[in-house]
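In: Predicted model follows, preceded by the sequence.
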Number of protein chains: 2
Amino acid sequence: MKETEKKIPMVVIKRLPKYLNYLLDLMDRGIVRTSSQELSALTGFTASQIRQDFNNFGGFGQQGYGYNVEELYSEIRKILGLDASYNMIVVGAGNMGHAITNYIGFEKMGFCIIGLFDVNPKLIGTEVRGVKIQDMSSIKDFLSEHEVDIAVVTLPKAVAPKIADHLVKLGVRAIWNFSPVDLKLSEDVVVENVHLSESLMTLAYKVKRNNTTAEE
Amino acid sequence: MKETEKKIPMVVIKRLPKYLNYLLDLMDRGIVRTSSQELSALTGFTASQIRQDFNNFGGFGQQGYGYNVEELYSEIRKILGLDASYNMIVVGAGNMGHAITNYIGFEKMGFCIIGLFDVNPKLIGTEVRGVKIQDMSSIKDFLSEHEVDIAVVTLPKAVAPKIADHLVKLGVRAIWNFSPVDLKLSEDVVVENVHLSESLMTLAYKVKRNNTTAEE
């Protein structure tokens, strides 16, 4: 396993989607050229932070000109791997599984949901935005017949770890995890967690702190 | 505005929900006592990191004994403000609004959804888990009649900033934001963002990187 690419800190990577969103806004408004100052005003990051971030990938900008919006947008897309498209399956067709499958924005970004799975007999056979809900037991066959890049796991805490293990054994190499539990998987499996409960608890802290400070 | 409490870094606060989840697991398994080593094995944080985190709030532990699980759990809950309960409204009754309202876990944590709002006439009057969907225009009256701690915003990008501004003018002081846009609000309003698209883009990067490394 050779390291040819310069390792970019994840904290930088996590800022790239935000740049992308604002660059898209600029493009929508017909703006051709931007600067680290303008991006700073939009994103809230400092201009020097922004220049540093872009330097991780070799710059893009030109002294005195700034950045070409479309070029920068396209470069960041490439870095994030968004110039490719991804096949996803959603494992767990509950409320969150429905919400994710119904949201058209992910497809626009290149993430196509090609399979939806659940154990609930009432759900199996029904469709969500044209994707039929299949029995969980058919995942194995499905994975052998389709190329799946990402499994979205929206299962209850009690079953998520076991089913995630199973998915990995069947060859899944990336999991977008909405279950309120940490999945402990082998190191070659990438996991991105969306822990809503943790987010809400953090908000509770901020609310509490805000109230306390305001009363003093 | 006096600062009586020691300011705890947000990065520490963001780790507390994870401790809480694992402590709850330990309690469910009838375990009374734990250690920073055991918590390290569970959470993946280092033992010294964990001890440091807890020291921010004055310790809890006893040399040679470790931590009492229930005591630690209850202390962290207090710090996060989870010993109180919170009233929430959900603004936007689309897929995500439905998913959040339907999820019973938040209520168990003390977050009660008492109102649900949308502009879609087809939705208005219907119910989600006992909460009736009301017309967006009735938010003002609702807020004057009910104490609302948190507004959950699950609106399309195009309308989210304007409606968030409106909510703040009506007195909302905390927003849990699911809209794919940054809300720029006054500093006394706390916002916690759940940007799913950004999370998915980060995952795409990890997938791409994993594939590239694997092929080398």
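Out: Cool, got the structure. Computed from a prediction, not measured in an experiment: that's the story for all the values here.
In: end-to-end on stretch A:114-134?
Out: End-to-end distance for stretch A:114-134, by Cα to Cα, to the nearest Å: 11 Å.
In: Work out the gap between that stretch and the centre of the chain.
Out: Computed by Cα atoms, centre = their mean, to the nearest Å, the chain-centroid distance of stretch A:114-134 equals 23 Å.
In: What residues sit buried inside that stretch?
Out: Buried positions in stretch A:114-134, judged by neighbour count with 16 or more other Cβ atoms under 10 Å in any protein chain shown: A:Gly115, A:Leu116, A:Phe117, A:Asp118, A:Leu123, A:Ile124, A:Val128, A:Val131, A:Ile133, A:Gln134. All C-beta atoms are positioned from the backbone trio N, CA, C, and that covers glycine.
In: between those residues, which is nearest A:Pro180?
Out: For those, the residue nearest A:Pro180 by Cβ to Cβ is A:Asp118; the value is 17.9 Å.
In: For chain A, give the helix that spans the most residues.
Out: Longest helix in chain A by number of residues (criterion: DSSP state H): helix A:196-215.
In: need the buried residues of stretch A:114-134 in TSV with distance to A:Asp141 and secondary structure, can you?
Out: Below are the buried residues of stretch A:114-134 laid out as TSV (distance: Cβ to Cβ, whole Å; DSSP: H, G, I helix; E, B strand; the rest coil):
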residue	distance to A:Asp141	secondary structure
A:Gly115	11	strand
A:Leu116	15	strand
A:Phe117	11	strand
A:Asp118	16	strand
A:Leu123	19	coil
A:Ile124	15	coil
A:Val128	20	strand
A:Val131	16	strand
A:Ile133	15	strand
A:Gln134	9	strand
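In: Quick check: of the residues you listed, which lies closest to chain B?
Out: Lowest distance from chain B to the buried residues of stretch A:114-134 (Cβ to the nearest Cβ) belongs to A:Val128, with 9.5 Å.
In: okay, the helix-or-strand element of chain A with minimal mean pLDDT in PDB with CA atoms only?
Out: Least confident helix or strand, chain A: helix A:196-215 with a mean of 84, by mean pLDDT, DSSP states H and E. C-alpha atoms of helix A:196-215 as PDB (Å, rounded to 0.1, in the frame of the first residue of the first chain):
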ATOM      1  CA  LEU A 196     -28.700  12.500  15.300                       C
ATOM      2  CA  SER A 197     -29.100  11.900  19.000                       C
ATOM      3  CA  GLU A 198     -25.600  13.100  19.600                       C
ATOM      4  CA  SER A 199     -26.300  16.200  17.600                       C
ATOM      5  CA  LEU A 200     -29.500  16.900  19.600                       C
ATOM      6  CA  MET A 201     -27.600  16.400  22.900                       C
ATOM      7  CA  THR A 202     -25.000  18.900  21.800                       C
ATOM      8  CA  LEU A 203     -27.800  21.300  21.000                       C
ATOM      9  CA  ALA A 204     -29.300  20.800  24.500                       C
ATOM     10  CA  TYR A 205     -26.000  21.800  26.000                       C
ATOM     11  CA  LYS A 206     -25.900  25.000  23.900                       C
ATOM     12  CA  VAL A 207     -29.500  25.800  24.800                       C
ATOM     13  CA  LYS A 208     -28.800  25.200  28.500                       C
ATOM     14  CA  ARG A 209     -25.600  27.300  28.400                       C
ATOM     15  CA  ASN A 210     -27.400  30.100  26.500                       C
ATOM     16  CA  ASN A 211     -30.200  30.200  29.100                       C
ATOM     17  CA  THR A 212     -27.800  30.200  32.000                       C
ATOM     18  CA  THR A 213     -25.600  33.000  30.600                       C
ATOM     19  CA  ALA A 214     -28.700  35.100  29.700                       C
ATOM     20  CA  GLU A 215     -30.100  34.800  33.300                       C
END
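In: Can you pick out the most distant pair from the buried residues of stretch A:114-134?
Out: That would be A:Gly115 and A:Leu123, which, of the buried residues of stretch A:114-134, are the farthest apart (Cβ to Cβ) at 13.5 Å.
In: Let me see the domain layout of chain A.
Out: Taking automatic domain parsing as the domain assignment, the ranges for chain A are A:10-79, A:86-198.
In: picking that back up, quick one: residues in contact with the longest helix of chain A.
Out: By Cβ atoms under 8 Å, 6 or more residues apart in numbering or on different chains, the surrounding residues in contact with helix A:196-215 are A:178, A:180, B:1, B:3, B:5, B:10, B:13-14, B:16-18, B:20-21, B:79-82, B:84, B:86, B:100, B:103, B:105-106, B:109-111, B:149-150, B:173-174, B:176, B:188, B:190, B:192, B:194.
In: Stretch A:124-138 too?
Out: When contacts are defined by Cβ under 8 Å, 6+ apart, stretch A:124-138 is touched by residues A:90-91, A:93, A:97-98, A:101-102, A:104, A:113-119, A:123, A:142, A:163.
In: ditto for stretch A:11-24
Out: A:34, A:39, A:42-43, A:45, A:50, A:53, A:56, A:69, A:72-73, A:76-77, A:79-80, A:82, B:180-182, B:195, B:197-198, B:201-202, B:205.
In: what about the helices in chain A?
Out: Using DSSP H, helices in chain A cover A:10-13, A:16-28, A:36-43, A:47-55, A:69-80, A:95-102, A:105-108, A:139-145, A:160-169, A:196-215.
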